[in-house]
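J.: I would like the atomic coordinates for the input below:
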Amino acid sequence: MKKLKLTDYIIIALILILVAVGTLAVLKKKSFSKLPVEKEVLIQFEVFFRGVTISDSVAPFKVGDDAFITIRNVPYTKLKIVAADGQPRMTVIPAKNEKGFAIMEDVSTPNLFDLIVKLEDKAKKTPDGYVAGGNKIKMGIPVVIEGEKYKYSGTISNVYEVEEAQK
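T.: Take a look at the predicted model:
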């Protein structure tokens, strides 16, 4: 039998290390996968848009329409608009009342609005929250909503599970 040299031992050791690392990687993937899914639920989430300029008298969002959304700069899918609400930009002015101020419509910016759009989607409920299409759906996450005539950036301001009675 031929005598092994130092380089042969090094090559054998490297092969054994690679096999061990590969085995551990496969075992880790199987046993420590992502968060367990408790159930699949229907959720609604509200997206808040601050300071949207609209010069048309018709609101861009219509209940029942589909709008394409992007979550954290990752294109997601089209979702149904469940509700849409908006109000003109408000301002605080000093007033002679018990509070010392009054809140009124800001007449200096007549085409500036704050909008809230409610969207509906199926999501997986995990111990960490809701996950839709691989994206965590939580308050504060940036969202871009795009339709035929608009594209606005906002943030998720509320997330809740739709109860069976509401379906």
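
J.: okay, now the domains of this structure?
T.: Annotated domains of the chain cover 1-33, 39-161 [automatic domain parsing].

J.: what about the residue lying closest to Phe45 once chain neighbours are set aside, how many neighbours?
T.: Beyond its immediate neighbours in the sequence, the residue positioned closest to Phe45 (CB to CB, 6 or more residues apart in numbering) is Val159, lying 4.4 Å away. C-beta: built from backbone N, CA, C; applies to glycine. Neighbouring residues of Val159 were enumerated by other CB atoms under 10 Å; the total is 18.

J.: Distance-wise, check Val159 relative to Lys151.
T.: Val159 sits 22 Å away from Lys151, going by CB to CB, to the nearest Å.

J.: just to revisit the earlier point, can you add mean pLDDT and give the domains of the chain back as CSV?
T.: CSV is the format used below for the domains of the chain (pLDDT from 0 to 100):
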stretch, mean pLDDT
domain 1-33, 82
domain 39-161, 90
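
J.: Of those, which stretch is the most buried?
T.: Burial among the domains of the chain, expressed as mean neighbours by mean count of other CB atoms under 10 Å, is greatest for domain 39-161, which shows a mean of 14.

J.: Could you tell me the end-to-end distance of that domain?
T.: With CA to CA, to the nearest Å as the measure, domain 39-161 spans 12 Å from end to end.

J.: Do I have it right that Glu146 meets Asp65?
T.: No: Glu146 is beyond contact range of Asp65, at 11.6 Å (criterion: CB atoms under 8 Å).
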